[in-house]
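A.B. asks: Sequence plus predicted model, see below.
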Amino acid sequence: MMTNNDIFKKLRVALMLRDDQIVEILELVDFRITKSELGAFFRDEKHENYMECGDQVLRNFLNALVIHLRGTKENPKNPNDVLAKHKAQIPAKEGSKDRPEFKAKPKDQEKSRGDEAPSKTKSATKKPSKKDYPKGNSKTQVVEKVKYNFGKNKK
């Protein structure tokens, strides 16, 4: 069963929030908490300053998070814009190089299409014919023909 602390930690990581941002979000519902009190929720359970996150804190955080992401009726917001702003505020690590986000592409665009069968006109899909490797070819055989007995002696 997940505790309030686990839920609070997962929300913090998923939304990429810093402690000062969480304090500001909680102030939207007039709930004041210090960074040190907030840090106590994220400590290890065995730490002497660990504190259990109460229902009241989690309830107020969730209510404030709704206001922070969606806005109010008078001043609505787009949640995706808010999350993009949070992501932009995260500083890049010193050791990491600025590079575009990796997106894997299928090796063969034709084969990955599910709406129709791949075309057989491409040379990549064509199998080599026997004419490509005639018997007189001096191609070396990589693996010798080996017969395995699997521990059985035949007489």
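C.D. replies: Nice, I can see it.

A.B. asks: Mind jotting down where the helices sit in this protein?
C.D. replies: Under the criterion DSSP state H, helices of the chain are mapped to 4-15, 19-27, 35-41, 55-70, 79-89, 109-112.

A.B. asks: Please name whichever of these is nearest to His47.
C.D. replies: The closest of those to His47 is helix 35-41. By C-beta to C-beta, the value is 8.5 Å. Where C-beta positions appear, they are placed from N, C-alpha and C, glycine not excepted.

A.B. asks: Buried residues in the closest one, which are they?
C.D. replies: Judged by neighbour count (16 or more other C-beta atoms under 10 Å), helix 35-41 contains these buried residues: Leu38, Ala40, Phe41.

A.B. asks: I figured the second one hits Glu52, correct?
C.D. replies: No - in this structure Ala40 lies outside contact range of Glu52 using C-beta atoms under 8 Å: 9.0 Å.

A.B. asks: Who are the contact partners of Leu11?
C.D. replies: Leu17, Phe61, Leu65 (C-beta atoms under 8 Å, 6 or more residues apart in numbering).

A.B. asks: Correct me if wrong: the second one contacts Leu28.
C.D. replies: So that's Phe61. No - in terms of C-beta under 8 Å, Phe61 does not count as a neighbour of Leu28; the distance is 10.0 Å.

A.B. asks: what is in contact with those two at once?
C.D. replies: Overlap between the neighbourhoods of Phe61 and Leu28 is empty, taking contacts as C-beta under 8 Å, 6+ apart.

A.B. asks: Those two: which has the busier surroundings?
C.D. replies: Phe61 (26 against 16; other C-beta atoms under 10 Å).

A.B. asks: Among the contacts of Leu11, which one sits closest to Asn5?
C.D. replies: Proximity of the contacts of Leu11 to Asn5 (C-beta to C-beta) peaks at Phe61, which lies at 11.8 Å.

A.B. asks: Can you tell me the closest non-neighbouring residue to the closest one?
C.D. replies: In space, and not counting its chain neighbours, Phe61 is closest to Leu26: 6.0 Å by C-beta to C-beta, 6 or more residues apart in numbering.

A.B. asks: contacting residues for the one you found?
C.D. replies: Leu26 sits next to Arg32, Ile33, Asn60, Phe61, Ala64 when contact means C-beta under 8 Å, 6+ apart.

A.B. asks: now with 7 Å?
C.D. replies: Residues in contact with Leu26, defined by C-beta atoms under 7 Å, 6 or more residues apart in numbering, are Ile33, Asn60, Phe61, Ala64.
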